[in-house]
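Visitor: got a predicted model here, sequence first, then my questions.
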Amino acid sequence: MLIVVIITLFLLIYNCSDHILIICERRKMNSREAAALSARERTQAHERWRLVREAAKLEEKNVQIHFSHTFSCDQSRKRVEEQEILVPCTFQSDDVSRFVQSSVTESDMLRGSSIETEFVSKETSDLYDIHHASIDELDDLQEAPTSAFTVYNVKKHKGQTPRTGQRRSHILEYAYGEIEKEKMREKTHLPLTEIIEKAGLYGVQTRPKIEVSFKDLILTLKGNGKKILANVTGKLLPGRIAAVMGPSGAGKTTFLNALAGKTTGCVVTGAVFINGKPESVHSYKKIIGFVPQDDIIHGNLTVEENLLFSAKCRLPVNMPKKDEVLVVERVIEALGLQSVRDSLVGTVETRGISGGQRKRVNVGLELVMEPSLLFLDEPTSGLDSTSSLFLLKALRREALAGVNICMVLHQPSYELFKMFDDLMLLAKGGQTVYHGPMDEIEEYFSDLGIIFPDRVNPPEYFMDILEGIVKPEGSPNFDCNILPVKWMQHKGYEIRRDLQESFAKSGISTSNETTNEGTKNEYLCIEKKNQTFGKDLWEEVWCNIELKWDNISNNLLKFEDLSNRQTPNFLKQFRLYLRRVAKQRFRDSRIQSQDYLILSLAGACMGVLAKVTDKNFGVVGYTYTIMAMPLLCMISALRTFSLDRLQYWRESAAGMNRLAYFIAKDSVDHFNTVIKPLVYLSLFYFFNNPRSSFAENYVVTVALVYCVVGIAYIFAISLDPGSAQLCSVLFPVVSTLIAIQANSNGILKYLIYSTYSQWALEAFMIANIKRYSGVWLISRCGSLLRKGYHVEYWVRCIGILVGFGVLARMFSFLCLISFHRKRQR
């Protein structure tokens, strides 16, 4: 009977899981569309009320003008003029009243609320005497539909707690209502700054401003001493978008990593200032966003789920839920992701959204947390011009809210190029060619004799000049290496000695000191080439030791939190992670069912091959069990941490709670820890038929799976996927072979008791041997004595297995927060 139930469960999970998810997503989509329609209709009604108010104000103004003109005339002409004036005014008032009635009637049909109709008709009757109304009363008419709708909902739900679906509908109506208001303001051709101010964005006033300045920033590799950045000086201002451009090998990404505090293996000299103070950028981690060049997104989540999770974990904890949803909806609208919001992002094996859409989702993960400083590494790579325009418009909106944005680009189009506020050009070797406003770049280069040709994209022309492919018109002997020196001279910076040679070659100036320095450098290079192999090997080893020591010292650094933002605590992030992991596992239910099928087949095979005999008390079958069961469970447990390693590094660098992430993953795996022994034993117990009870075997198997899953975590976190799979196969086999060694002494004896297989085999044997009594007592005692087992130690064996599992999880968590630490910063 149990076998039939399990097979039926497998078939239901394998065939119906996708349908369940599709139905759930469809219901959410219908709810969202209904909320959007309701918000659109209400916004249109508000717009009609606004037109009525403006018409009423205009009518009141005309009436006041007529009356003032009337009372200024003679008494004898007053009655005649009043008759001539009041008749047109009456007709105009009737026109306004008819317009109001028509607007209200159309709005009433859209809303379909009787209470609102009574409210609106009452307000409409007051408009018949519009020339007696005040302007303040007319201002209140605009909010009449919303007020009536609110009163209706309050009365409807008075004394009742709204259900989850109703709360979600109200939140979505609020979010879409705000977005529709912004769209309506855009149609009135207001400036974007005024639209943002009127939109009432959460955090626009409270979002702190971050100004980043850097002086003489130099990055040198520790191995060969090569300079990646050379004396880079400048400033990034809040509310502006700065583009960093340059040819390949110019150090653009390295410069971005240096400002974000992500450089490793380099000697960094110079100074970086945050708001004019020498503070670390890690102190502002909670309000700094970093968009990596690769699209690191969870492929088995939808676009909306990815964005909403990032928003809930990184937005202020005191932000209302409706504002969180509003932020996400605004980002989806700004990035043009409405059509794919319910689509899975996709992975290498499963097709999802397109590459350009993945890139926009990658940027949206940082936009939803409302950063004050945003770094983007080539966000437009792989995007077409339309998608890039969507992205730049979204970033422009953030910049107008006070965000400091710095992004690396290659060759943008002319339209995108004009949307930037500042530009930073880097030549090869990390030398600054230009850093300043966009509207001054043509003037600066024209002073150097570089004139932009007509019908040529300026970014492409810059790259050709910096690469030396193109020469300026009229300057066939132009040397592009002189441009960094020209910039330092233009800004009044101190020119380094290694750059003075460029001046000398161009005929600007010469110096004997430069020649001596160049000769000295050539001598050092020749001396380094003549070094012995042993010295080169020692330098390489010492360099690696220094890199490891730097990584360890950086891991121990602690930074004061100056971001002034309180993110969700451990418990809330644990709940968020738990929901996300459970949803991911449910979407991977087919893979889970395949694991269960393999386990059931393994149980049947082990049960058939190892028949229980009274001579060996079933030791053969249990030996196969502690070899096969851990092997299969460990290989499947590797997916827990190895598949989303890149996503974890990104989330950890963003400041999310790593303990909540680990415990949520392990908590969801407890479901497999309970179900997999049941699946295996259902067939193993049927074919093997040992004397011990099914419950005793189940308890031992659960403790065994709990132990080996913790060991698999260590392999998955600390090793590469290929090495982790190899270790997961070898470890159970070697551990079982050690555990079955008889008459062992010395070190091997202690090694046997340090393996989980010894305690699992002892627990299985004790549970089975206890069922032998009578004439089997002598054989039973002899078997226990030879193996060193004790019939009363069954509970102790279970406790030791669970203890091994707990210790393995503690060690795996230490590996999680210690290994690859440089990627988590």
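Guide: Cool, got the structure. None of these values were measured; they are calculated from a predicted model. Numbers count the residues shown, from 1 in each chain.
Visitor: all helices of the stretch 551-700 of the chain, in order?
Guide: Ranges of helices within the stretch 551-700 of the chain are 570-587, 589-609, 619-637, 639-642, 645-653, 658-688, 694-718, based on DSSP state H, counting those that start in this stretch.
Visitor: what's the longest one packed up against?
Guide: Counting contacts by 3 or more C-beta pairs under 8 Å, 6 or more residues apart in numbering; DSSP states H and E, helix 658-688 is packed against helix 2-71, helix 570-587, helix 589-609, helix 619-637, helix 639-642, helix 645-653, helix 694-718, helix 794-818. Where C-beta positions appear, they are placed from N, C-alpha and C, glycine not excepted.
Visitor: can you check the fifth one too?
Guide: With contacts taken as 3+ C-beta pairs under 8 Å, 6+ apart, helix 645-653 sits against helix 658-688.
Visitor: buried residues of stretch 477-486, list them for me.
Guide: The neighbour-count check on stretch 477-486 (16 or more other C-beta atoms under 10 Å) flags 478, 480-486 as buried.
Visitor: weakest of the helices and strands packed on helix 658-688 by average pLDDT?
Guide: Ranked by mean pLDDT, the helices and strands packed on helix 658-688 bottom out at helix 2-71, which scores a mean of 66.
Visitor: quick one on the thing from earlier: and the helices and strands packed on helix 658-688 as a markdown table, adding distance to M463 and mean neighbour count?
Guide: Formatted as a markdown table, these follow (distance: least, C-beta to C-beta, whole Å; neighbours: other C-beta atoms under 10 Å):
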| stretch | distance to M463 | mean neighbour count |
| --- | --- | --- |
| helix 2-71 | 44 | 15 |
| helix 570-587 | 42 | 17 |
| helix 589-609 | 46 | 18 |
| helix 619-637 | 49 | 23 |
| helix 639-642 | 40 | 20 |
| helix 645-653 | 30 | 19 |
| helix 694-718 | 42 | 23 |
| helix 794-818 | 42 | 17 |
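Visitor: what's the closest of those to I218?
Guide: Ranking the helices and strands packed on helix 658-688 by proximity to I218 (C-beta to C-beta) places helix 645-653 first, at 24.3 Å.
Visitor: pull the residues that contact the closest one.
Guide: Helix 645-653 is touched from outside by 262, 285, 290, 292, 294, 296-298, 313, 641, 658, 661, 816, 820, 823-825, with contacts defined as C-beta atoms under 8 Å, 6 or more residues apart in numbering.
Visitor: can I assume F375 sits in a helix?
Guide: No: using DSSP: H, G, I helix; E, B strand; the rest coil, the assignment for F375 is strand, not a helix.
Visitor: will you turn the helices and strands packed on helix 658-688 into JSON lines that also has distance to A767?
Guide: Output for the helices and strands packed on helix 658-688, formatted as JSON lines (distance: least, C-beta to C-beta, whole Å):
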{"stretch": "helix 2-71", "distance to A767": "19"}
{"stretch": "helix 570-587", "distance to A767": "31"}
{"stretch": "helix 589-609", "distance to A767": "16"}
{"stretch": "helix 619-637", "distance to A767": "9"}
{"stretch": "helix 639-642", "distance to A767": "29"}
{"stretch": "helix 645-653", "distance to A767": "39"}
{"stretch": "helix 694-718", "distance to A767": "4"}
{"stretch": "helix 794-818", "distance to A767": "6"}
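Visitor: which stretch among the ones you listed comes nearest I465?
Guide: Closest among the helices and strands packed on helix 658-688, once you apply C-beta to C-beta, is helix 645-653, at 36.0 Å.
Visitor: ok, D595 - contacts?
Guide: By C-beta under 8 Å, 6+ apart, the neighbours of D595 are 632, 636, 672, 676.
Visitor: one more pass at 7 Å, please.
Guide: By C-beta atoms under 7 Å, 6 or more residues apart in numbering, D595 lies in contact with S636.
Visitor: I'd like the distance from it to R580, if you could.
Guide: For D595, the distance to R580 (C-beta to C-beta, to the nearest Å) stands at 21 Å.
Visitor: where along the stretch 251-400 of the chain do the strands fall?
Guide: 266-274, 288-291, 373-377 (DSSP state E, counting those that start in this stretch).
Visitor: return the list of strands paired to the last one, each annotated with direction.
Guide: Just to be clear, that refers to strand 373-377. Sheet pairing of strand 373-377 (DSSP bridges) gives strand 288-291 (parallel), strand 404-408 (parallel).
Visitor: state the mean pLDDT of the last one.
Guide: The one in question is strand 404-408. pLDDT averaged over strand 404-408 gives 93.
Visitor: for that strand, give me every contacting residue.
Guide: Contacts of strand 404-408 (C-beta under 7 Å, 6+ apart): 210-212, 236-238, 241-244, 252-253, 256, 372-379, 395, 398-399.
Visitor: out of those residues, which end up buried?
Guide: Buried, going by 16+ other C-beta under 10 Å: 210, 212, 236, 238, 241-244, 252-253, 256, 372-379, 395, 398-399, out of the contacts of strand 404-408.
Visitor: if we can go back for a sec, nearest to G492, out of the helices and strands packed on helix 658-688?
Guide: Of all those, helix 645-653 comes closest under C-beta to C-beta, at 37.3 Å.
Visitor: any idea of the angle that closest one forms with helix 570-587?
Guide: Angle of helix 645-653 versus helix 570-587, following axes from the mean of the first three to the mean of the last three C-alpha atoms, to 10 degrees, is 160 degrees.
Visitor: how about stretch 680-695, which residues are buried there?
Guide: 680-685, 687-688, 690, 692.
Visitor: and that stretch, how far apart are its ends?
Guide: This stretch, stretch 680-695, spans 13 Å end to end (C-alpha to C-alpha, to the nearest Å).
Visitor: start the count at 151 instead of 1 going forward.
Guide: Noted, 151 is the first residue going forward, which turns the last one into stretch 830-845.
Visitor: quick one: G411 and E429 touch, right?
Guide: No: using C-beta atoms under 7 Å, G411 is not in contact with E429; the gap is 10.9 Å.
Visitor: compare the two (neighbour count), which wins?
Guide: Using other C-beta atoms under 10 Å, the more surrounded residue of G411 and E429 is G411, with 20 against 15.
Visitor: quick one, phi psi at the more buried one?
Guide: phi 70, psi 30 (degrees, to the nearest 10).
Visitor: so how many other residues sit close to T497?
Guide: 13.
Visitor: my guess is it meets L451, correct?
Guide: No: taking contacts as C-beta under 7 Å, T497 lies outside contact range of L451: 10.7 Å.
Visitor: any low-confidence regions in the stretch 801-950 of the chain?
Guide: 892-894, 921-938 (pLDDT under 70).
Visitor: what of the stretch 251-400 of the chain?
Guide: 251-319, 322-327, 329-356, 373.
Visitor: wait, a strand at Q561?
Guide: No: secondary structure of Q561 (three-state DSSP): coil, not part of a strand.
Visitor: phi and psi next, for it.
Guide: Torsion angles, degrees, to the nearest 10, at Q561: phi -140, psi 80.
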